[in-house]
Structures are given as structure tokens and as C-alpha cells.
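Peer 1: The amino acid sequence is not available; the structure is as follows:
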């Protein structure tokens, strides 16, 4: 098996750690790990199921909504534009994984849901996806996972608080000088 080369976001910060705050190095490590895991999941989904990660994500959302969802609701949950969702839905309708119908409460809205075949195929993908993630994180024991989850919870809370407070020194917009 050939070795994969990943873009390592933290490499430059590690070359000169004194020039970068610990928080920045942490952020770069998290970004690197996220990029590595996501890239491998994308590759495996494509090779094993001939499906993209966005299609997998859309199917996951629909599995949680047995009565279906509007395109707008899917867009909000996936944090992408309606245009992006529309293209994904078109391909999943063509492949027989998703059906569309007009909303009973708003004739302008379309409701989409998984077909029986779509539900069955997604469940098979989800089982393998879970195994892939377990394999990639198998170097951690249960205590380490619990500790990391607790610490990442603190990171999430800290991040949420900083976002809610807004920037302390917003500086000039669009690179304009004062």
C-alpha cells in the first residue's frame, strides 16, 4: 500500500513554535485532523459506494426525518445554500435514493424523503462509516476518548462564548488602514 501525503496545516507552526501561540497550534492540529479524517472518509465513500460525502450527509439528514424534509430545512441543517441542496437532491432522485413531493401545507415547497432503497443503502454505508471512524481512532483507549471529549466540550463552549461576545479588536474592514 502506498503512503498518502496529507496537507498538514500545522507543519509551518511546528517549524517555528515560538512564533505561534499555543491556541493557534491547537487550532491547526484540529484542522489537520479534521482534514485527514474527512479526506479518508470521502475517499472510502467514493471507492466503496460511489457516493460523495455531501450525498451521504444529505441521506443522513433524511434518515432522521421519516416524514421527509423541505429543501429549505435540509439546507439549514446542512448549513449549505438551497442551490447546493437542489443539485444533490436531483442526483439522489435520479439514482432512486430520494423521492420528492409537494408539501401539503405549502404548495410552493417540496418535501424530500428517502426511498426504501435509499434507506437500506444509507444504513449499509453508515455501518461501514462507523467502522472507519472507529478504525481511525483506535489508537485511543476509552479513558482517553472520554478525556478528549470533555476537553473538546470546553473548547466548544469557549468558542461559542467568544463568538457570542464578538471580536475584542475588530480592526479595519477589508484590509483598509485607518
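Peer 2: All right, it came through fine. This one's a predicted model, so the numbers in the text were calculated from it and none came from an experiment. Numbering: from 1, shown residues only.

Peer 1: Only C-alpha atoms from now on, for both contacts and neighbour counts.
Peer 2: OK.

Peer 1: Show me which residues of whichever strand or helix holds residue 55 are buried.
Peer 2: Element membership for residue 55, per DSSP states H and E: helix 53-63. Within helix 53-63, the residues that count as buried by 16 or more other CA atoms under 10 Å are 53, 55, 56, 58, 59, 60, 61, 62, 63.

Peer 1: how about the strands of the chain, start to end?
Peer 2: For the chain, the strands defined by DSSP state E occupy 69-70, 98-102, 110-114.

Peer 1: Turn those into TSV, columns for mean pLDDT and distance to residue 32.
Peer 2: Converted to TSV, these look like this (pLDDT from 0 to 100; distance: least, CA to CA, whole Å):
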stretch	mean pLDDT	distance to residue 32
strand 69-70	92	33
strand 98-102	94	34
strand 110-114	93	33
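
Peer 1: Out of those strands, which one sits most buried?
Peer 2: Neighbour counts averaged per stretch over the strands of the chain are highest for strand 110-114, at a mean of 22; criterion: mean count of other CA atoms under 10 Å.

Peer 1: distance between it and the chain's centre?
Peer 2: 21 Å (CA atoms, centre = their mean, to the nearest Å).

Peer 1: From the contact counts, what lies against that strand?
Peer 2: If you count contacts as 3 or more CA pairs under 8 Å, 6 or more residues apart in numbering; DSSP states H and E, strand 110-114 packs onto helix 53-63, strand 69-70, helix 71-78, strand 98-102.

Peer 1: Listing partners with orientation, what would you give for that strand?
Peer 2: Strand pairing for strand 110-114, using DSSP bridges, gives strand 69-70 (antiparallel), strand 98-102 (antiparallel).

Peer 1: Next, report how far stretch 131-139 is displaced from the centre of its chain.
Peer 2: 17 Å.

Peer 1: If you count neighbours, what's buried in that stretch?
Peer 2: Residues of stretch 131-139 classed as buried by neighbour count (16+ other CA under 10 Å): residue 132.

Peer 1: So in this structure, which helix runs the longest?
Peer 2: The longest helix of the chain (DSSP state H) is helix 22-49.

Peer 1: in that helix, what's buried?
Peer 2: For helix 22-49, a neighbour-count test (16+ other CA under 10 Å) marks 25, 28-29, 32-33, 35-36, 40-45 as buried.
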